[in-house]
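**Q** This is a predicted model, with the sequence first.
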Amino acid sequence: MYSSDVTDKEWEIIEPLLPTKKKTRPPLWTKRQILDGVFYQLKNGCNWADLPKDFPPYSTVFWHYKHWCSEGILDNIMTTLHGRAREQVKKNRSGRP
């Protein structure tokens, strides 16, 4: 477990924001494992190829990162989490007064 890993409570919020895959065959890695790999790389700034071996292969993590960025999914996750954090401190969701 790493400090960048998604908590169960965060995962409840994030999971519905991720795209669903057409059911072709069972995935080898869960979306949570892939997202944890993305967050690890973003937090630590390592090369993708230097992800620890307990994450999915870096090529898988990087492919999903590129796809989720281009589709605006990571932006949506950040906006949603930011809004939830602002709600917790009773501030305006947009961040404006």
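**A** Everything's here; your move. As the structure is a computational prediction, the values presented were derived from the model and not from experiment.
**Q** Secondary structure element holding P52?
**A** Using DSSP states H and E, P52 sits within no helix or strand.
**Q** Kindly report the same for L81.
**A** helix 73-88.
**Q** and what of V6?
**A** Residue-wise, V6 maps onto no helix or strand under DSSP H and E.
**Q** I'd say it and L35 touch.
**A** Yes. Applying CB atoms under 8 Å, one finds V6 in contact with L35, separated by 6.0 Å. In this view, the C-beta of every residue, glycine as well, is placed from N, C-alpha and C.
**Q** between those two, what contacts are shared?
**A** Shared contacts of V6 and L35, defined by CB atoms under 8 Å, 6 or more residues apart in numbering, comprise I14.
**Q** Between those two, which has more neighbouring residues?
**A** L35 (24 against 19; other CB atoms under 10 Å).
**Q** what stretches of the protein score poorly on pLDDT?
**A** Along the chain, the parts satisfying pLDDT under 70 run over 91-97.
**Q** so what's the most centrally placed residue in the chain up against?
**A** When CA atoms, centre = their mean is applied to the chain, the residue found nearest the centroid is L35 (3.8 Å). Counting by CB under 8 Å, 6+ apart, L35 touches V6, I14, L18, H64.
**Q** Just give me the neighbour total for the second one.
**A** Counted with other CB under 10 Å, residues neighbouring I14 total 19.
**Q** With the third one instead?
**A** When neighbours are counted by other CB under 10 Å, L18 registers 17.
**Q** I figured it was touching T30, is that so?
**A** No. Applying CB under 8 Å, one finds L18 not in contact with T30, separated by 10.4 Å.
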